[in-house]
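>>> just coords:
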């Protein structure tokens with residue numbers, strides 16, 4: 001069985017929606033894994049959220065193009081947790097949930113504490129913003 005089929009089967013059997021490139025290192029060399037992941041992105045099984053971060057995909061009902069199975073607001077904290085970053089709700093989200101504000105927070109902002117994060121996560125023009133507390 002080749003690397004592409006092994007990775008395809010592994011993706012189908014996983015329950016989590018976010019996948020890191022490092023999770024597939026045991027299936028082959030770095031070049032083989034990279035080619036297999038690129039092929040899975042091209043055929044619509046996966047979508048790329050960032051460098052080495054992928055999500056399971058489904059076809060869009062409007063365009064037919066692949067989109068993530070869950071919204072970016074759900075996938076981004078999962079990806080950061082897999083990368084070892086503790087994620088909390090942003091200040092605006094906390095105020096809205098506590099009833100202190102009536103403004104619904106626009107965009108996707110995550111509080112990462114005092115950590116400095118340079119990783120860009122996003123899909124289709126929507127990007128994650130980081131807030132430091």
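Alright, I've got the coordinates. Since we're looking at a predicted model, the values are computed, not measured.
>>> what residue spans form the domains of this structure?
With domains defined by automatic domain parsing, the chain comprises 1-69, 71-133.
>>> so how far is the last one off the chain centroid?
Pointing back at domain 71-133 there. Computed by Cα atoms, centre = their mean, to the nearest Å, the separation of domain 71-133 from the middle of its chain amounts to 12 Å.
>>> where among the domains of the chain is the average confidence lowest?
Confidence, taken as mean pLDDT, is least for domain 71-133 of the domains of the chain (a mean of 90).
>>> need the distance between the two termini of that one.
25 Å (Cα to Cα, to the nearest Å).
>>> what's the answer for stretch 17-29, then?
Start to finish, the residues bounding stretch 17-29 are 23 Å apart (Cα to Cα).
>>> cool, and stretch 97-106?
End residues of stretch 97-106 are separated by 14 Å (Cα to Cα).
>>> any idea how far residue 17 is from residue 68?
Here residue 17 is placed at a distance of 7 Å from residue 68 (Cβ to Cβ, to the nearest Å). Every C-beta, even on glycine, is put in place using the N, C-alpha and C of the backbone.
>>> now do the shared contacts for the two.
55, 56, 75 (Cβ atoms under 8 Å, 6 or more residues apart in numbering).
>>> dump the residue contacts of the first one.
Spelled out, it's residue 55. Counted by Cβ under 8 Å, 6+ apart, residue 55 has contacts 17, 18, 19, 46, 47, 49, 68, 69, 70, 75, 79, 123.
>>> would you mark the buried spots in the helix or strand residue 130 falls within?
Using DSSP states H and E, residue 130 sits within strand 126-131. Buried residues in strand 126-131, defined by neighbour count with 16 or more other Cβ atoms under 10 Å: 128, 130.
>>> who does it pair up with?
Taking DSSP bridges as the criterion, strand 126-131 forms sheet pairs with strand 108-111 (parallel), strand 122-123 (antiparallel).
>>> against the centre of this structure, work out the most remote residue.
Here the chain reaches farthest from its C-alpha mean at residue 100, the gap being 30.3 Å by Cα atoms, centre = their mean.
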